[in-house]
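# Structure, please.
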Amino acid sequence: MASVINIAELERALAGLMDSALMPETWAGTLEAISRATGSAGAHIMPVRGKFEAGVLTTPNFLEAFDVYFAEGWYKRDFRERGLPIGLSKGVVIEHDIANSADFERQAFYADFLARFGLRYSAMVLFEIRGSTLSINLQRGMNDTPFDRSDEPLLLAMQSRLSAAAEIVRTLDAAKVGGMADAFDLTAAAAIFFDRKGRITYLNSRAEKLLDDEVRVAGGEFFSVKQSEAAQLQRQVLSAADGALFIDLPSVRISRTGKPPLVARVQKLQGLAADLFAHSSVVVLITDLAEREGPSIELLRSTFALTPQEATVAKLLLDGSSPREIATICGLQYETARGYVKRVLAKTGTQRQAQLIALLSGLKS
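Next up, the predicted model:
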């Protein structure tokens, strides 16, 4: 069947991009309008590299296809990625650039994946947002006609509108992050924000006060006196960025010379429209055990005759950390950490963590 681009309808559909930037719940409708205007079966927006499930905006009729795309690993062997150099050069890629009729029959991506959903021909329009390259993919069916060279100028006209809408979303998200950072300041929590590539995007004032020669930020990266700990934190940040919203990650110990360690906890953020536009994807909340409310390390040592390591464990127990978390934070074997917990309970005359918390909470530094 004939598949043509309706210029007037496409202009109206693109006008909806600005509305979607301000009202994220309208993205699906805007993509459906663009899909209809371009004679497509559906449309979606995603990163051209580093694809991840939360980073896709799509028309609702493609949701099942994307479940399969990620569940079966097709995103790792998307045949159309061979067209990326062309897209990066001229801004648009159509099927004529990457495949012929023989490829539709012998390439698994077409024959086993797209054909399962009655799909075949596509056009990708690439656009930039602060160093990241995204694309809107317009997908036509097996019985449609493919996009051709005469369509390319019309498709390229979409670039500036897409970039502008994405920039608005990112700016709004940055304002949201700034508000969150201020809130963390009010609760005396140090917070460092990261984008989904693991680059630091924002530090609140509490986090900045923790920086020194041993714990520092440079070039968008986090460094500590033990780079193995910084590397562990970076791995967790990237894991959270690509993982589920409620991913559970253990705390990370950040050592300091002559001071109690910092404790870093990684948490994924939820973007305004989708993670692919987000200013920041992850926040790391940092607890300074030397400044933690409650009794100081020195007071615990003098009151209960605790060793420095036992006093640190006592502070972590007061913070609600489990023996397994204490082992991770302190760099100990689990059984060793359990031994410290038992000694702390014995020296303080308590039998359970709840009793210890009740006892220590009454101490004043």
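# helices and strands around the helix or strand hosting I326, which ones?
Remark: I326 resides in helix 323-330, with elements defined by DSSP states H and E. Packing partners of helix 323-330 (3 or more C-beta pairs under 8 Å, 6 or more residues apart in numbering; DSSP states H and E): strand 252-256, strand 259-268, helix 308-318, helix 334-348. For glycine as for every other residue, the C-beta is placed from the backbone atoms N, C-alpha and C.
# Need the CA coordinates for it. PDB is fine.
This file holds the C-alpha atoms of helix 323-330, laid out as PDB (Å, rounded to 0.1, in the frame of the first residue of the first chain):
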ATOM      1  CA  PRO A 323      26.200  -6.900  59.800                       C
ATOM      2  CA  ARG A 324      26.400  -7.700  56.100                       C
ATOM      3  CA  GLU A 325      26.200  -4.000  55.200                       C
ATOM      4  CA  ILE A 326      28.800  -3.200  57.900                       C
ATOM      5  CA  ALA A 327      31.100  -5.800  56.300                       C
ATOM      6  CA  THR A 328      30.800  -4.100  52.900                       C
ATOM      7  CA  ILE A 329      31.300  -0.600  54.300                       C
ATOM      8  CA  CYS A 330      34.200  -1.400  56.500                       C
END
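# The worst-scoring helix or strand of the chain on mean pLDDT: what's the following helix or strand?
Lowest on mean pLDDT, DSSP states H and E among the helices and strands of the chain sits helix 159-186, with a mean of 75. Later in the chain than helix 159-186, the nearest helix or strand by DSSP H and E is strand 190-194.
# what residues does that following strand touch?
The contact list for strand 190-194 (C-beta atoms under 8 Å, 6 or more residues apart in numbering) reads 177, 180-181, 184, 200-204, 206-207, 209-210, 217, 222, 237, 241, 269, 279-288.
# Which ones among those residues map onto helices?
Of these, the ones assigned to helices by DSSP state H are 177, 180-181, 184, 206-207, 209-210, 237, 241.
# Show me which of those is closest to R36.
A241 (33.4 Å; C-beta to C-beta).
# Local confidence estimate at that closest one?
pLDDT recorded at A241 is 79.
# Same check on E221?
Reported pLDDT for E221: 92.
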